[in-house]
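**Q** sequence and predicted structure are below.
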Amino acid sequence: MAIEDRDLQSIQEVRCLVREAKKAQREFCKFNTKLIDEIVKQLSLAALTEAESLAKMAVEETGFGKWQDKLTKNIVASEKLYNHIKDMKTIGIINEDKDRKIVEIGTPVGVIAALIPSTNPTSTVIYKALIALKSGNSIVFSPHPSAKKCILKTVEVLSKTAIRMGAPKGLISCISIPTIEGTNELMKHDDVSLILAT
């Protein structure tokens with residue numbers, strides 16, 4: 001029997017995405033930091049390559065803003081953000097104070113749920129994907145329905161790049177049937193460790 005109710009389809013999709021994201025994150029967090037950093041770099045470059053087309057797509061779909069401004073935000077979220085975080089220690093020993101015998105250790109949280117607005121959809125996806133992966137996490141996006149196409153396209157660009165670099169499938173994913181019920185399921189899911197809301 002096929003599920004015809006959009007709300008139920010959305011909830012079921014979320015459960016599948018989170019299950020896959022949890023499995024992917026368990027594998028990904030075993031990657032060495034050099035490989036994780038290289039994957040993040042390639043995500044940044046892929047987003048930068050598509051920055052203009054994603055900016056135009058966002059304006060066309062949502063009717064908000066000017067594509068030139070969206071382009072600037074996409075550049076900031078990819079190239080500028082990458083340059084800011086590339087040398088940050090986020091996993092393993094981050095800081096050590098031998099005198100006080102204190103060691104700070106960065107550990108991934110797991111699956112991150114990320115809510116994406118219609119106002120800056122593509123740049124927000126890029127930004128959140130880069131910081132999630134830099135810290136060893138997987139991420140599941142919940143798109144604003146009025147920006148679904150450009151958000152899904154941005155996630156596709158990033159996900160394909162990550163997989164091409166050896167990351168597990170499901171590390172970066174997005175709800176394709178966005179409903180309030182689906183988003184609620186994502187935010188309340190036991191396997192979601194952190195919510196990034198904008």
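**A** Cool, the structure landed.

**Q** so what touches the helix or strand of the chain with the lowest mean pLDDT?
**A** Counting by mean pLDDT, DSSP states H and E, the chain has its least confident helix or strand at strand 92-97, which shows a mean of 91. For strand 92-97, the external contacting residues (CB atoms under 8 Å, 6 or more residues apart in numbering) are T33, K89, I102, V103, E104, I105, G106. From N, CA and C alone the C-beta is placed, and that goes for glycine too.

**Q** inside helices: which ones of these?
**A** Counting by DSSP state H, these place T33 in helices.

**Q** and the contacts of strand 92-97, which two are furthest apart?
**A** Farthest apart among the contacts of strand 92-97 by CB to CB are T33 and I102. That separation is 21.0 Å.

**Q** ok, those two, which is more surrounded?
**A** The neighbour comparison of T33 against I102 (other CB atoms under 10 Å) goes to T33, with 14 against 9.

**Q** enumerate the positions of the longest helix belonging to the chain that are buried.
**A** Counting residues, the longest helix found in the chain (DSSP H) is helix 6-28. Going by neighbour count (16 or more other CB atoms under 10 Å), the buried part of helix 6-28 is 9-11, 13-14, 17-18, 20-25, 28.

**Q** show me what contacts the spatially most central residue of the chain?
**A** In the chain, the residue lying closest to the centroid (CA atoms, centre = their mean) is A129, at 2.9 Å. A129 makes contact with L43, I139, V155, L158, I172, according to CB under 8 Å, 6+ apart.
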